[in-house]
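S.K.: Sequence below, structure please.
(one chain, ligands or ions: 2)
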Amino acid sequence: MAKAPTLFTCTACGASHQKWAGRCDACGAWNTIQEDTPLSAAPASKSLGSVRGKTLPLSDLASTDPEPPRAASGIDEFDRVLGGGLVPASAILVGGDPGIGKSTLLLQATAAFARRGLSCVYISGEEASAQVRMRAQRLGLADAPVKLATETNLRDILTTLDAEKPDLAIIDSIQTMWADQVDSAPGSVTQVRAAAHELTAFAKRRGSAVMLVGHVTKEGQIAGPRVVEHMVDTVLYFEGERGHQFRILRAVKNRFGPADEIGVFEMTGQGLAEVRNPSALFLSDRGEPAPGTAVFAGIEGTRPVLTEIQALVAPSPLGTPRRTVVGLDAGRLSTTLAVLEARCGIPFAGLDVFLNVAGGLRVTEPAADLAVAAALLSAREDVALAPNCVLFGEISLSGALRPVGQTENRLKEAQKLGFSTAIAPANSKLGAPTGMSVRQIADLAAFVGETFGAG
Ligand code: TYD
Ligand code: MG
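M.R.: Ligands and ions are numbered 1, 2, ... in the order given. Prediction:
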């Protein structure tokens, strides 16, 4: 029997549910499940096979089409995250917390594309044209040939875009768009999906690139960008900590380039400035190595990035000690603590553990395990690690250190930033000599023994 259509969607994570519930099982958020009316429910009585459609022309895999031409904005950090530039007829979603700088970033990028000869239309559903113009003036972009409109009615927007046929259209934001054929409030899952669907279809039909801004939402009334991620070609998230001026644009999905690529920016009084050497930035406040810090030689996308991992370990007044993590996966911290305890005999019971990646970067690579373990041990023993030393390597559950990819790139970057030694897993493929002295270690227990005495 055919499954009943899904009628409820979580606005925070996009998970589908058969029935309404107060809390989403998938992401744990409360009050985020909303009824989701399917756009055009197929008539239930007729199965699709019984009515003839048209025959599709089929082609083979060997393509004669040239690579899509890409347009670069000249903002390198932005172009790289796109996979080398903007691809025509692509739909790009730019998600992020409200106020993080999405509108600023896209206005700067649009102006850069426009100055390079692309025809660009910027549709704001949130700010009056005068506000956008004021921002452009402040950013020194007022002379860029960008066409501007304030509108939320999707029908009018599509009519305008169909007539204008721009190379690039920006829709800021998808949550403010309102499709009049859909019977639900702007910002609801149904409206946001309908708007994203129509705009993506426009991109394919006219060959324009379309960028959709999506606010990450914490409360359930407004659907977040997660509910349209599957419809677009590229999903970028603009991240950053409120207190920090650094902003990271990260590709989480890209049909036209590598995912996991990052671009680093700094929010200044004159808008977003590119940060061309993020390692130097993330390590800039580092003086003499303090106990509880370790430098991780990581790879973000295609680029090496050095970051400082900071740990604090203190006796806990609580029955269940705290495990607080910022910028790393909490699950990996638990695993590393368990391996330290079971394989190296170093207990963390009764101790609060705080772990942090300096500078507001989010590290997702398993290669960070060794640096995390080193920071934890250094904090616990109150002994600083050797200066000028970087670490990388994945820790397996047996306590063995596993080699990770792109060792040569990691070492080169470390060398460039004045580091002289690296601690790496045994059997790492070192590549060409980089001038770094590399200590290769087979397992975590050996690392503990060599670095902190018997542990
Ligand atoms: P905005 O792009 O409006 O955020 P979003 O579109 O993601 O909601 O950015 C808002 C913040 O950026 C605001 O708090 C002010 C700050 N900002 C600067 O610090 N410098 C600038 O030049 C601009 C334009 C904004
Ligand atoms: Mg905005």
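
S.K.: what comes into contact with the stretch of helix or strand G449 belongs to?
M.R.: Under the criterion of DSSP states H and E, G449 resides in helix 444-452. Contact with helix 444-452 is made by 339-340, 343-344, 346, 370, 373-374, 377-378, 381, 383, 385, 395, 399-401, 423, 439, 441, 455, as judged by C-beta atoms under 8 Å, 6 or more residues apart in numbering. All C-beta atoms are positioned from the backbone trio N, CA, C, and that covers glycine.

S.K.: Spatially central residue in the chain, please.
M.R.: R250 (3.6 Å; C-alpha atoms, centre = their mean).

S.K.: what comes up buried for the helix or strand that contains that residue?
M.R.: Assigned by DSSP H and E, R250 belongs to strand 246-254. Neighbour counts over strand 246-254 (16 or more other C-beta atoms under 10 Å) mark F246, R247, I248, L249, R250, A251, N254 as buried.

S.K.: Switch those over to JSON lines; also include distance to D167 and pLDDT.
M.R.: Listed next are the buried residues of strand 246-254 as JSON lines, based on distance: C-beta to C-beta, whole Å; pLDDT from 0 to 100:
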{"residue": "F246", "distance to D167": "30", "pLDDT": "86"}
{"residue": "R247", "distance to D167": "25", "pLDDT": "90"}
{"residue": "I248", "distance to D167": "27", "pLDDT": "90"}
{"residue": "L249", "distance to D167": "21", "pLDDT": "94"}
{"residue": "R250", "distance to D167": "25", "pLDDT": "92"}
{"residue": "A251", "distance to D167": "21", "pLDDT": "92"}
{"residue": "N254", "distance to D167": "19", "pLDDT": "93"}
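
S.K.: ok, these vs V132, which is closest?
M.R.: R247 (19.6 Å; C-beta to C-beta).

S.K.: re earlier: do you know how far the residue nearest to the centre of the chain is from P387?
M.R.: Using C-beta to C-beta, to the nearest Å, R250 is found at 31 Å from P387.

S.K.: likewise E408?
M.R.: According to C-beta to C-beta, E408 stands 23 Å off from P387.

S.K.: Nearest spatial neighbour of the residue of the stretch 151-300 of the chain found nearest ligand 1, chain-adjacent residues omitted?
M.R.: Across the stretch 151-300 of the chain, the shortest distance to ligand 1 (C-beta to the nearest ligand atom) belongs to G271, at 4.0 Å. Distances taken as C-beta to C-beta, 6 or more residues apart in numbering place L139 nearest to G271, at 4.3 Å, with adjacent residues excluded.

S.K.: give the contact list for that neighbour.
M.R.: T104, L107, Q108, A111, Q270, G271.

S.K.: List phi and psi for the third one.
M.R.: The phi and psi torsions at Q108 (degrees, to the nearest 10) take the values phi -60, psi -40.

S.K.: likewise L340?
M.R.: phi -60, psi -40.

S.K.: For T160, see how far away it is.
M.R.: In terms of C-beta to C-beta, L340 sits 60 Å off from T160.

S.K.: Those two: which has the busier surroundings?
M.R.: Taking other C-beta atoms under 10 Å, L340 and T160 do not tie; L340 has more neighbours (24 against 16).

S.K.: surely that one meets L351?
M.R.: No. Look at L340 against L351 with C-beta atoms under 8 Å: they stay out of range, at 11.3 Å.

S.K.: which residues sit against stretch 257-264?
M.R.: By C-beta under 8 Å, 6+ apart, stretch 257-264 touches 76-78, 80-84, 234, 246-254, 274-275, 278, 281, 300-303, 305, 364.

S.K.: switch to 7 Å and redo it
M.R.: Residues from elsewhere that reach stretch 257-264 (C-beta atoms under 7 Å, 6 or more residues apart in numbering): 77-78, 80-84, 246, 248-253, 275, 278, 300-302.

S.K.: What are the boundaries of the helices in the chain?
M.R.: 76-81, 102-115, 129-138, 154-164, 189-206, 278-282, 330-344, 369-381, 407-416, 444-452 (DSSP state H).

S.K.: Check which residues of stretch 204-214 are buried.
M.R.: Applying 16+ other C-beta under 10 Å to stretch 204-214 flags R206, S208, A209, V210, M211, L212, V213, G214 as buried.

S.K.: Could you count how many residues lie near whatever residue of the stretch 351-455 of the chain ends up closest to ligand 1?
M.R.: Residue of the stretch 351-455 of the chain nearest ligand 1, by C-beta to the nearest ligand atom: G360 (15.2 Å). Look at G360: counted by other C-beta under 10 Å, it has 20 neighbours.

S.K.: which parts of the stretch 51-200 of the chain sit against ligand 1?
M.R.: Applying C-beta under 6 Å from any ligand atom, we find that the stretch 51-200 of the chain lies next to ligand 1 at G96, P98, G99, I100, G101, K102, S103, T104, R135, R138, L139.

S.K.: Tell me the most packed of the residues you listed, by neighbour count.
M.R.: Going by other C-beta under 10 Å, K102 tops those with 25 neighbours.

S.K.: name the helices or strands packed onto the top strand by length along the chain?
M.R.: The longest strand of the chain (DSSP state E) is strand 303-315. On a contact count with 3 or more C-beta pairs under 7 Å, 6 or more residues apart in numbering; DSSP states H and E, strand 303-315 meets helix 278-282, strand 293-300, strand 351-357, helix 369-381, helix 407-416.

S.K.: In JSON lines: those, plus mean pLDDT and mean neighbour count.
M.R.: Shown next, in JSON lines, are the helices and strands packed on strand 303-315 (pLDDT from 0 to 100; neighbours: other C-beta atoms under 10 Å):
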{"stretch": "helix 278-282", "mean pLDDT": "81", "mean neighbour count": "20"}
{"stretch": "strand 293-300", "mean pLDDT": "94", "mean neighbour count": "26"}
{"stretch": "strand 351-357", "mean pLDDT": "95", "mean neighbour count": "20"}
{"stretch": "helix 369-381", "mean pLDDT": "96", "mean neighbour count": "25"}
{"stretch": "helix 407-416", "mean pLDDT": "92", "mean neighbour count": "21"}
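
S.K.: Output those in CSV, with distance to ligand 1 appended to each entry.
M.R.: As requested, the helices and strands packed on strand 303-315 are exported to CSV (distance: least, C-beta to the nearest ligand atom, whole Å):
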stretch, distance to ligand 1
helix 278-282, 17
strand 293-300, 21
strand 351-357, 22
helix 369-381, 31
helix 407-416, 29
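
S.K.: got those as a markdown table, with distance to Q181 columns?
M.R.: Formatted as a markdown table, those follow (distance: least, C-beta to C-beta, whole Å):
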| stretch | distance to Q181 |
| --- | --- |
| helix 278-282 | 45 |
| strand 293-300 | 42 |
| strand 351-357 | 46 |
| helix 369-381 | 51 |
| helix 407-416 | 51 |
